[in-house]
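Asker: how would this look folded up:
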Amino acid sequence: MGVPKKRTSKMRRDRRRAANNKLKSAVQVSNCPNCGAAVMPHRVCPSCGFYKSKKVAAGSAD
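Answerer: Numbers count the residues shown, from 1 in each chain. Now for the predicted structure:
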């Protein structure tokens, strides 16, 4: 069984993992059901402040 002789450093590990970041899919964007603005999933709408049909934050266009 192959066992590493030395511990892999964090820098080497992270560099190896970062080499494949271009394979990740593009960011998904959906429309806000309240105002129709583009919003990322599971985030509060920046224009109206609604999340899951509830007012949770002050939007820029109140």
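Asker: Now do the residue nearest to Ala37 when sequence neighbours are not counted against Pro4, distance only.
Answerer: Of all residues not flanking Ala37 in the chain, Ser47 sits nearest, at 4.3 Å (Cβ to Cβ, 6 or more residues apart in numbering). For every residue, glycine as well, the C-beta is placed using N, CA and C. Distance of Ser47 to Pro4, computed by Cβ to Cβ, to the nearest Å: 51 Å.
Asker: For the two, indicate the residue with more neighbours.
Answerer: Just comparing Ser47 and Pro4: by other Cβ atoms under 10 Å the higher neighbour count belongs to Ser47, 17 against 6.
Asker: Next one: the more buried one from Ala57, what distance?
Answerer: 11 Å.
Asker: Tell me where the chain is predicted with low confidence.
Answerer: 23-25, 59-62 (pLDDT under 70).
Asker: run the last query once more with 50
Answerer: Within the chain, no stretch has pLDDT under 50.
Asker: quick one, helices of it?
Answerer: 10-18 (DSSP state H).
Asker: Quick one: residues contacting the spatially most central residue of the chain.
Answerer: Residue closest to the average C-alpha location in the chain (Cα atoms, centre = their mean): Val27, at 7.2 Å. Val27 makes contacts with Met40, as judged by Cβ atoms under 8 Å, 6 or more residues apart in numbering.
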